[in-house]
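1. sequence first, then the predicted structure, then my questions.
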Amino acid sequence: MSEAELATRYRARFALARDQLSRVDDIEKVTRNRCAIRSGGWVVVSFVPDLPGDMVVNWDTFTAFKHEFGDKDPVLLSDGLNAWEQITPGPRCLILDTGVPLGDDDQVEIRTAQLYTDGAGVFAMHLTDANQQNRRNGQEDNLICRLGERSLIFAVLSGVRFLARYARDYAYAGGNALIRVRVGDAAPASMDLGTMGSGEMRRLGRFVRPGATAERAAPLDELADDTPQLVSTAAYLVGDIMRSFGHPDVLHITTDGQVAPERWGEHTASIRSWAETAGIETV
């Protein structure tokens, strides 16, 4: 390949990366504006494929999506308890919500997703504040918002897999996908991460006010199923988030695509069974 051809290909690659980042910014902003500010914090997963698809939203495709995909629980190992409450069409997208109180200005309190016709999408999941009950009990009024590390991992695994399945199976997008994970609220509030130990949630690392962000590119097709690539990608993303909170790494899953069931506490048996069924190595 000539020097001119190499230069042209590099320019095209950099242009594609800029376009993907711009697309992530745009769709993430739309979804984050719909996430209600409440105790706890949001994990927002944004997903933009290299090779866009072109799903047509009409009555037939909308109905098929609702029956074949939209009523499935997107949350890993939740036994079907988190199916979407409502699915509506939007401008070149499908909008899926759980937890939208009537008269609350379309603010979502539990979980939302916007799936675009080109295969891009955003999945947002609210995590409970582990210190909320202690505040209610009057133990300490000034306790900071604390998000559990295992809940963070579940949210990232679930969001990446859900968005990849839509992009592959409905929008017919392909190539690699740029994935961004953002933890925090639209209005920044101080928070930290916690881990379970000796029956209580202990703080990991330091307090963070503006939240945390991680980005990663990975093959789209290998993220749509329960695969080592899905686990590896989630481990890279969660690891970067945890380092933003001052903790060195995630120990429940590895960047080699392995799962450590003994780290999952009460979820050990279900995680081990899931990994064995999916052919994911355990350590």
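-> Happy to help now that I have it.
2. can you tell me the closest non-neighbouring residue to residue 175?
-> residue 50 (3.1 Å; C-beta to C-beta, 6 or more residues apart in numbering). Any C-beta I mention is one placed from the backbone N, CA and C, and that applies to glycine too.
3. hang on, that neighbour in a strand?
-> Yes - if the criterion is DSSP: H, G, I helix; E, B strand; the rest coil, then residue 50 is within a strand.
4. quick check: which element contains residue 96?
-> Secondary structure from DSSP states H and E places residue 96 in strand 93-98.
5. who does the helix or strand following that strand touch, helix- and strand-wise?
-> Sequence-wise, the next helix or strand downstream of strand 93-98 (DSSP H and E) is strand 111-116. The elements that strand 111-116 packs onto, with contact taken as 3 or more C-beta pairs under 8 Å, 6 or more residues apart in numbering; DSSP states H and E, are helix 3-32, strand 93-98, strand 121-127, helix 149-169.
6. name the residues that touch the strand holding residue 96?
-> For strand 93-98, contacts defined as C-beta atoms under 8 Å, 6 or more residues apart in numbering pick out 57, 62, 65, 70, 82-89, 108, 110-117.
7. and if you look at stretch 201-212?
-> Against stretch 201-212 from outside (C-beta under 8 Å, 6+ apart): 41, 130-131, 144, 146, 148-149, 182-185, 188-196, 240-242, 244-247.
8. now, which of the residues you listed lie within helices?
-> 149, 240, 241, 242, 244 (DSSP state H).
9. scan those residues and report the most crowded one.
-> residue 241 (26 neighbours; other C-beta atoms under 10 Å).
10. OK, contacts around it?
-> Applying C-beta under 8 Å, 6+ apart, one finds that residue 241 lies in contact with 152, 156, 181, 183, 212, 213, 214.
11. relative to residue 51, how far out is it?
-> In this view, residue 241 and residue 51 are 27 Å apart by C-beta to C-beta, to the nearest Å.
12. which intervals of the stretch 151-283 of the chain have sub-threshold pLDDT?
-> Applying pLDDT under 70 to the stretch 151-283 of the chain flags the ranges 186-188, 196-200.
13. try 90
-> Segments of the stretch 151-283 of the chain classed as low confidence (criterion: pLDDT under 90) are 184-211, 245-249, 265-267.
14. tell me where it has strands.
-> Secondary structure of the stretch 151-283 of the chain by DSSP state E, counting those that start in this stretch: the strands cover 174-184, 191-197, 200-208, 212-219.
15. what's the most buried one of these?
-> strand 174-184 (a mean of 22; mean count of other C-beta atoms under 10 Å).
16. elements contacting that one?
-> helix 3-32, strand 41-51, helix 149-169, strand 212-219, helix 228-244.
17. turn those into JSON lines, including distance to residue 201.
-> Formatted as JSON lines, the helices and strands packed on strand 174-184 follow (distance: least, C-beta to C-beta, whole Å):
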{"stretch": "helix 3-32", "distance to residue 201": "26"}
{"stretch": "strand 41-51", "distance to residue 201": "14"}
{"stretch": "helix 149-169", "distance to residue 201": "10"}
{"stretch": "strand 212-219", "distance to residue 201": "18"}
{"stretch": "helix 228-244", "distance to residue 201": "15"}
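18. so which of the ones you listed gets nearest residue 100?
-> Nearest to residue 100 among the helices and strands packed on strand 174-184 is helix 3-32; the distance by C-beta to C-beta comes to 13.2 Å.
19. low pLDDT regions in the stretch 1-150 of the chain?
-> Using pLDDT under 90, the stretch 1-150 of the chain drops low at 1-22, 32-41, 54-57, 61-73, 76-83, 90-92, 99-108, 128-149.
20. could you pull up phi and psi at residue 80?
-> Phi and psi for residue 80, reported as degrees, to the nearest 10, are phi 80, psi 10.
21. for the one 3 residues further on, same thing?
-> Here is the backbone geometry of residue 83 (degrees, to the nearest 10): phi -60, psi 150.
22. burial count for it?
-> Residue 83 has 14 neighbouring residues, counting by other C-beta under 10 Å.
23. which residues touch it?
-> Here residue 83 is in contact with 71, 72, 73, 98 (criterion: C-beta under 8 Å, 6+ apart).
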